[in-house]
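> next come a sequence and a model predicted from it.
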Amino acid sequence: MNSPKTSFNANIYRTRRARLAELMRQQAGGGLALIATAPAAYRNRDSDYPYRHDSDFFYLTGFDEPDATLALNVSDSQIESHLFCRPKDPEREIWDGLRLGPEAAPELLGIDFAHANQTLDSKLPELLANQTALYTRFANSAESDRRVRHWIDQVRKQSRAGINAPSQLHDIEALVHEMRLIKSPDEIAIMRQAAAISAQAHVRAMRMCRPGMHEYQIEAELLHEFRHSGAQSVAYNSIVATGANACILHYRAGATELRAGELCLIDAGCELDGYASDITRTFPVNGVFSGPQRALYDITEAAQAAAIAATKVGNTFIQPHEAALRVLTQGLIDEKLIALSEVGSLDNALELAAYRPFYMHRTSHWLGMDVHDVGSYREPSADLALHNQDKPWRKLQAGMVITIEPGLYIRPANTVPEAFWNIGIRIEDDAVITAQGCELISRGVPVLASEIENLMHESK
Ligand code: MG
Ligand code: ZN
């Protein structure tokens, strides 16, 4: 686990808390916001998983130790921030590393008050007393629900003394996730760096790839580049899938041997300073695409180009997907994977979703602190009566970050020309929406088939 850096900029987090407070005032006149970080998790006896903070908590505090809670007391004119964290403990720190502790936390993190964790049960009822609204996560874990209930109970017991418990419960995620959806220039700068490291890792994998290697060895090359470049972690478990494995969408890196004549699909990205990157490339194990591989690769690449052209301010989230579907479907018709005699026309094939046996996921997702980042894919609407599915797709705005990742996955079937069997291809890049269109931050690794072949040829 990494403690806050010496270059820690408390202002970034103070500004976010002020923005959250403003949203709470607009909605409920203020209240108490309460958010805990993620719990540490054991892997097996005496061995834990690498700790990963909760993204919402980190977004508001920049604090990455486990066992911490932020309480934000928001009135008309004031914001008071309280951090509950692990107390200093020289004995434990010898084993587990330094703790910031409540004495040093206010100065370093720019928090108003910090307390030892052990005081949560006495402090929280005080902070909740006479609040109208509580903003927290609910129905998230039985343990956190139980604790909130206990604290509110403590306040209710004081009703005869004229102290009121909150009467409104609001989902804090609804506000924080809207904030996280639009990335600041600082956040985009980190994401650019994360994507650049991941792109280098993909280049390394292409250069090192030789027939006879195993998927896990390619994974090792990716991990080498991530850690060597200072990324703290993978953003998600890497996929290294060769041959038919590429048609299994959530395949990991297994033990299959890479064979000449087959493709290798890598979906891997690092996490840097709390931000994810997410890149997929598909390349030939021996450095040269076969005819059928090249045909499907070029269709996928053209679909991605069409989706990229549709990724701009004012378009909706779904438009890049629709642009990709059109190109993929036309390509599948051209290559006789979809029979034109059955679908009649391209438009009809799209209407029938004839692409679905070969392309079963969406083209994009939000990217940020989480690889599948938060934020509604539908326009938020003040009209509570409007059902979610009736809300229009989100309009793209500058500062949003999405992936653009069309693919084709051809399983053996007697309706499909045999030359295409077991070919799985995906191409994925990360795009920051800008005023002009979008900035692809993951193009440090080639994407055109000819460029990939050249890179692999040079590395022979
Ligand atoms: Mg991916
Ligand atoms: Zn993705």
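Ah, there it is. Numbering: from 1, shown residues only. Ligands and ions are numbered 1, 2, ... in the order given.
> what number of residues lie near Gln27?
Using other Cβ atoms under 10 Å, Gln27 has 15 neighbouring residues. Using the backbone N, CA and C atoms, a C-beta is placed for each residue, glycine as well.
> excluding its backbone neighbours, what's nearest it?
Once flanking residues are discounted, Gln27 sits nearest to His170: 6.7 Å by Cβ to Cβ, 6 or more residues apart in numbering.
> can you confirm that neighbour is in a strand?
Yes: read with DSSP: H, G, I helix; E, B strand; the rest coil, His170 is one of the residues of a strand.
> mind listing what Leu328 touches?
When contacts are counted by Cβ atoms under 8 Å, 6 or more residues apart in numbering, Leu328 touches Ile299, Thr300, Ala303, Tyr355, Phe358, Tyr359, Pro406, Leu408.
> now do the contacts for the fifth one.
Read it as Phe358. Per Cβ under 8 Å, 6+ apart, neighbours of Phe358: Leu328, Leu332, Leu337, Leu408, Tyr409, Ile410.
> go on, the third one?
Residues in contact with Ala303 (Cβ under 8 Å, 6+ apart) are Ala323, Ala324, Leu325, Val327, Leu328, Gly331, Pro406.
> circling back to that earlier point, quickly list what the residue nearest to Gln27 is bridged to.
Judged by DSSP bridges, the bridge partners of His170 are Tyr135.
> that one: neighbouring residues, count only.
If we define neighbours as other Cβ under 10 Å, then His170 has 19 of them.
> same check on Phe226?
A total of 27 residues lie near Phe226 under the criterion other Cβ under 10 Å.
> so what's it up against?
Contacts of Phe226 were listed using Cβ under 8 Å, 6+ apart, and they are Ile197, Ser198, Ala201, Ser233, Val234, Cys270.
> where does it fall, phi/psi-wise?
phi -60, psi -60 (degrees, to the nearest 10).
> ok, the residue in the stretch 351-460 of the chain positioned nearest to ligand 1 to Arg146 distance?
As assessed by Cβ to the ion, ligand 1 sits closest to Glu428 within the stretch 351-460 of the chain, at 5.0 Å. Going from Glu428 to Arg146 by Cβ to Cβ, to the nearest Å gives 40 Å.
> who has more neighbours, the two?
Glu428 (22 against 10).
> partners of the more buried one in the sheet?
Thr280.
> can you check the one 4 residues further on too?
Beta-bridge partners recorded for Val432 (DSSP bridges): Val401, Glu439.
> biggest separation within the contacts of Ala303, which pair?
Ala323 and Gly331 (13.1 Å; Cβ to Cβ).
> residue nearest the centroid of the protein?
Of all residues in the chain, the one closest to the mean position by Cα atoms, centre = their mean is Val371, 1.7 Å from it.
> hang on, that one in a helix?
No: under three-state DSSP, Val371 falls outside any helix and is assigned coil.
> tell me, how many residues neighbour the residue nearest to it when sequence neighbours are not counted?
Nearest non-adjacent residue to Val371, counting by Cβ to Cβ, 6+ apart: Ala276, 4.2 Å away. Per other Cβ under 10 Å, the neighbour tally for Ala276 reads 27.
> what's the answer for Ala413, then?
Neighbours of Ala413 under the rule other Cβ under 10 Å: 13.
> need the contact list for the residue nearest to the centre of the chain.
Contacts here follow Cβ under 8 Å, 6+ apart; on that basis Val371 touches Ala235, Tyr236, Gly269, Ala276, Asp278.
> need these in a markdown table with secondary structure, distance to ligand 2 and pLDDT, can you?
As requested, the contacts of Val371 are arranged in a markdown table below (DSSP: H, G, I helix; E, B strand; the rest coil; distance: Cβ to the ion, whole Å; pLDDT from 0 to 100):
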| residue | secondary structure | distance to ligand 2 | pLDDT |
| --- | --- | --- | --- |
| Ala235 | coil | 9 | 98 |
| Tyr236 | coil | 8 | 98 |
| Gly269 | coil | 8 | 98 |
| Ala276 | strand | 9 | 98 |
| Asp278 | coil | 4 | 98 |
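> how far away is the closest residue in space to Glu173 that isn't next to it in sequence from Leu109?
Among residues not flanking Glu173 along the chain, Arg137 sits closest, at 6.0 Å (Cβ to Cβ, 6+ apart). Distance, Arg137 to Leu109, by Cβ to Cβ: 21 Å.
> same question, Arg356
49 Å.
> counting contacts, what elements does the helix or strand harbouring Lys123 pack onto?
Element membership for Lys123 (DSSP states H and E) is helix 120-128. Contacts defined by 3 or more Cβ pairs under 8 Å, 6 or more residues apart in numbering; DSSP states H and E place helix 120-128 against strand 31-36, strand 69-74, strand 79-85, helix 142-156.
> can we see that at 6 Å?
helix 142-156 (3 or more Cβ pairs under 6 Å, 6 or more residues apart in numbering; DSSP states H and E).
> so the helix it packs on versus strand 69-74, what angle?
Helix 142-156 and strand 69-74 are oriented at 40 degrees to each other (axes from the mean of the first three to the mean of the last three Cα atoms, to 10 degrees).
> what residues does helix 142-156 touch?
Residues outside helix 142-156 that contact it (Cβ atoms under 6 Å, 6 or more residues apart in numbering) are Leu124, Pro125, Leu128, Ala129, Ala165.
> does the last one fall in a helix, a strand, or a coil region?
Under the three-state scheme (three-state DSSP), the conformation of Ala165 reads as coil.
> nearest residue to it other than its sequence neighbours?
Val155 (4.1 Å).
> so who does the closest residue to Thr119 other than its chain neighbours touch?
Nearest residue to Thr119, sequence neighbours excluded (Cβ to Cβ, 6+ apart): Phe84, at 7.0 Å. By Cβ under 6 Å, 6+ apart, the contact set of Phe84 is Thr69, His115, Asn117, Leu120.
> so which of those residues comes closest to ligand 2?
Thr69 (31.2 Å).
> remind me which residues of the chain are low pLDDT?
For the chain, the stretches with pLDDT under 70 are 1-6, 382-386.
> run the last query once more with 90
Residues of the chain that meet the criterion pLDDT under 90 lie in 1-7, 46, 96, 138-141, 380-391, 436, 459-460.
> quick check: domain ranges of it?
Domain segmentation of the chain under automatic domain parsing yields 10-178, 182-459.
> so which of the ones you listed is the most packed in?
domain 182-459 (a mean of 19; mean count of other Cβ atoms under 10 Å).
> how far off centre is that domain?
In terms of Cα atoms, centre = their mean, to the nearest Å, the centre of domain 182-459 is found 14 Å from the chain centre.
> would you mind measuring from Asn245 to Ile338?
Counting by Cβ to Cβ, the separation of Asn245 from Ile338 is 24 Å.
> and the contacts of the helix holding Lys123?
With Cβ under 6 Å, 6+ apart as the criterion, helix 120-128 contacts Leu32, Ala71, Asn73, Phe84, His115, Trp151, Gln154, Val155.
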